[in-house]
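Novice: Give me coordinates for this.
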Amino acid sequence: MRRGVSHCLDNLCVLTLFSSSSCRSIAFVPRVVKPSGPASLHLGPPRLTLASSPFTSPDRLQKNVTSTQIVLYEGKNFTGRKLELSTNCDNFQERGLVNRVNSARVESGAFVCFDHPDFKGQQYVLERGEYPEFQRWSALNDHMGSCRPIRMHGEHYRLEMFEDDNFSGQHVELNQDCPLLQAKGLTKTCIKSLKVYGDGAWVLYEEPNYRGRMYVVERGSFGSHTEWQADNPKIQSVRRVANYF
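Specialist: Here you go, the predicted model:
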C-alpha cells in the first residue's frame, strides 16, 4: 500500500511517498498560470467576500458597506454642468460647480445638502431617486453650496425626544414616522434634546406633516437644539431617512 505526504518550504513543495518497504521524496515547484490576453486588459478590483458569523448575517454586513453616490446638475432636468460625489464636499465652487443646483440624482445612499458652503444654512434631505427640479427637495430656491452622506448603519430605528435641555422633562420614544408629536402626548411644540439609538438616521421638521425647516440627526446624543444646528427648538414632526439601502 502506498501513501503520500506533502509539505512546502518557501516556493518548493516536497511530496513523500511511503510504501511497505521504502519511501521516496519528489521535489517540485508549483506552476503559476498567468491570464492570457492583451497586456492592457483591466481585471478590476478584487471582490469583497463577506463571511457569515453567528452574530451578524451576511445581508446585514452587506448593508453596512453600502456606498453613496449623488450627481448634482446646474440646470433643470439633469442638464448643464454636473458634479458627482460619494463623500463630503464642503464647497461646490472649489469642485467647479457654482453654488446653484437645479436637479439631482441620488444613485445610492442618502445625502444632507446645505444652501451654504461648509455645511451651514438650510438643510435638505435627498434620498435615493431623481429630482428634476429644486422644488422636489422642498427648497425655495436653487442655492446649494455643500453636502455630505448621511451616516446609516442599518434599518433599526429608535429615537427618544425630550422637551427640556440635557435629556430632561417630558419625553417620547419613537421607532416609526410621526406627523404630529403632540399626538404622542407632548404638551409643547419644542424639542430641546434627543437621543438617536439603533442604526438609522432621522429628519426633524419644524411644522406638522413633515413641513418647514428640516434637520438631520444621526446616531448619538444631542443635549441642546443647537447641536443639530437649529436656531430654535421648535419641532413638530419627524420621519426616518428612507430609500437608503
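
Novice: tell me the contacts of the closest residue to Gly109 other than its chain neighbours?
Specialist: Counting by Cβ to Cβ, 6 or more residues apart in numbering, Gly109 lies nearest to Thr68, which is 3.0 Å off, once chain neighbours are set aside. Every C-beta, even on glycine, is put in place using the N, C-alpha and C of the backbone. Contact analysis of Thr68 by Cβ atoms under 8 Å, 6 or more residues apart in numbering lists Ser86, Thr87, Ser108, Gly109, Ala110, Phe111, Pro149.

Novice: Name the next helix or strand following the worst-scoring helix or strand of the chain on mean pLDDT along the chain.
Specialist: In the chain, no helix or strand scores lower on mean pLDDT, DSSP states H and E than helix 58-64, which sits at a mean of 36. Under the assignment DSSP states H and E, the closest C-terminal helix or strand after helix 58-64 is strand 69-75.

Novice: just to revisit the earlier point, and the buried ones among the contacts of Thr68, selectable in ChimeraX?
Specialist: Listed next is the ChimeraX selection for buried residues among those, using 16 or more other Cβ atoms under 10 Å:
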select :109,110,111,149
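
Novice: Tell me which two of the contacts of Thr68 sit farthest apart.
Specialist: Between any two of the contacts of Thr68, the greatest separation by Cβ to Cβ is 13.7 Å, found for Thr87 and Ala110.

Novice: Common neighbours of those two, please.
Specialist: Thr68, Pro149.

Novice: can you pull the contacts of the closest residue to His225 other than its chain neighbours?
Specialist: Excluding its sequence neighbours, the residue lying closest to His225 (Cβ to Cβ, 6+ apart) is Pro233, at 4.0 Å. Counting by Cβ under 8 Å, 6+ apart, Pro233 makes contact with Cys190, Ile191, Lys192, His225.

Novice: Phi and psi next, for Pro233.
Specialist: Main-chain torsions, Pro233, degrees, to the nearest 10: phi -90, psi 10.

Novice: Would you map out the domains in the protein?
Specialist: By the assignment in automatic domain parsing, the chain contains the domains 1-28, 69-149, 157-240.
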